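Visitor: Model the structure of this input:
(chains A and B)
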Amino acid sequence: EPEVTQTPSHQVTQMGQEVILRCVPISNHLYFYWYRQILGQKVEFLVSFYNNEISEKSEIFDDQFSVERPDGSNFTLKIRSTKLEDSAMYFCASSPQGQVSREQYFGPGTRLTVT
Amino acid sequence: AQKITQTQPGMFVQEKEAVTLDCTYDTSDQSYGLFWYKQPSSGEMIFLIYQGSYDEQNATEGRYSLNFQKARKSANLVISASQLGDSAMYFCAMREVQTGANNLFFGTGTRLTVIP
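Guide: The predicted model follows:
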């Protein structure tokens, strides 16, 4: 069964460093998402991506964040200068269409630890 | 205002018993979808069940059913015949249509512990 994959599973970085989190969505999906979950808290939406551009973003997704689909398979989240409060689990998700009834398939997550 | 409210931080259930996890939502959209996801200790998010705002029947998927009460804006998850492997965090989520948003709004979750 096709699945969303994410690498790395755990990333440790120093404050102020840039990190790139990678995702490979399910191949025939059209919509891509990043969410984050601070330890012990709820999952929060960051950004959605469709047709090679951002379709929506939350207030969390400020200028420090960017997303890219550099080729036909990868979908990346870049944090330009990490802060301690960026420590969280980051989930990538994809869905075949934007219809409300279509579930979003989540990857296993990347745990980002900023020291 | 929170779009999704889960008022039970933790729940316990005896193995083989049924359990209901509460979820209420807030939206002015007429068209929306409600989802439940399971997050085991390993961290991944597993889709369980979906209910559309226009669906007249409550959704069911195996041992999972969704008790949808539109007038009360509630979408409770019922797990029948609980198993030890059901111990996990459970998140209720909503997706709205009229706002044009595709993203999911999540609740704070309920940690379910199944007791042998």
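Visitor: When you work out contacts or count neighbours from here on, use the C-alpha atoms and nothing else.
Guide: Fine.
Visitor: Buried residues in stretch A:69-79, which are they?
Guide: Applying a neighbour-count criterion of 16 or more other CA atoms under 10 Å in any protein chain shown, one finds A:R69, A:N74, A:F75, A:T76, A:L77, A:K78, A:I79 buried in stretch A:69-79.
Visitor: Measure how far that stretch is from the centre of its chain, please.
Guide: 9 Å (CA atoms, centre = their mean, to the nearest Å).
Visitor: how far away is the residue nearest to the spatial centre of chain A from chain B?
Guide: Centroid-nearest residue in chain A: A:W34, 3.0 Å away (criterion: CA atoms, centre = their mean). Distance of A:W34 to chain B, computed by CA to the nearest CA, to the nearest Å: 9 Å.
Visitor: Can you verify that residue is assigned to a helix?
Guide: No: read with DSSP: H, G, I helix; E, B strand; the rest coil, A:W34 is strand and lies in no helix.
Visitor: Which pair of the buried residues of stretch A:69-79 spans the longest distance?
Guide: For those, the maximum inter-member distance is 16.3 Å, found between A:N74 and A:I79 (CA to CA).
Visitor: what about A:D62, how many residues close to it?
Guide: By other CA atoms under 10 Å in any protein chain shown, the residues close to A:D62 number 11.
Visitor: Please confirm that it is located within a helix.
Guide: No: according to three-state DSSP, A:D62 belongs to no helix; its state is coil.
Visitor: How about the contacts made by the residue nearest to the centre of chain A?
Guide: Contact analysis of A:W34 by CA atoms under 8 Å, 6 or more residues apart in numbering or on different chains lists A:F45, A:L46, A:V47, A:S48, A:L77, A:Y90, A:F91, A:C92, A:A93.
Visitor: make it 10 Å
Guide: By CA atoms under 10 Å, 6 or more residues apart in numbering or on different chains, A:W34 lies in contact with A:23, A:44-49, A:57, A:61, A:67, A:75-77, A:90-94, A:106-107, A:109, B:103.
Visitor: which ones among these are found in strands?
Guide: Among the contacts of A:W34, the residues falling in strands (DSSP state E) are A:23, A:44-49, A:57, A:67, A:75-77, A:90-94, A:106.
Visitor: Could you pick out the residues of chain B near chain A for me?
Guide: Neighbours of chain A within chain B, by CA under 10 Å from any CA of the partner chain: B:31-35, B:37, B:42-53, B:91, B:93-98, B:100-109.
Visitor: Need the buried ones from these selected in ChimeraX.
Guide: In ChimeraX syntax, the buried subset of these is picked out as below (16+ other CA under 10 Å):
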select /B:32,33,34,35,37,43,44,45,46,47,48,49,50,51,52,53,91,93,94,95,96,97,101,102,103,104,105,106,107,108,109
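Visitor: Show me the residues of chain B next to chain A that map onto strands.
Guide: B:32-35, B:37, B:46-52, B:91, B:93-96, B:105-106.
Visitor: quick one: the closest residue to B:F35 other than its chain neighbours from A:L112, how far?
Guide: Excluding its sequence neighbours, the residue lying closest to B:F35 (CA to CA, 6 or more residues apart in numbering or on different chains) is B:Y50, at 4.6 Å. B:Y50 sits 30 Å away from A:L112, going by CA to CA, to the nearest Å.
Visitor: where in chain A is pLDDT low?
Guide: Applying pLDDT under 70 to chain A flags the ranges A:98-101.
Visitor: tell me which parts of it are close to chain B?
Guide: So chain A meets chain B at A:31-35, A:40-49, A:55-58, A:89, A:91, A:93, A:95, A:97-111 (CA under 10 Å from any CA).
Visitor: buried subset of these?
Guide: A:31-35, A:43-49, A:55-57, A:89, A:91, A:93, A:95, A:97-111.
Visitor: Understood, closing this out.
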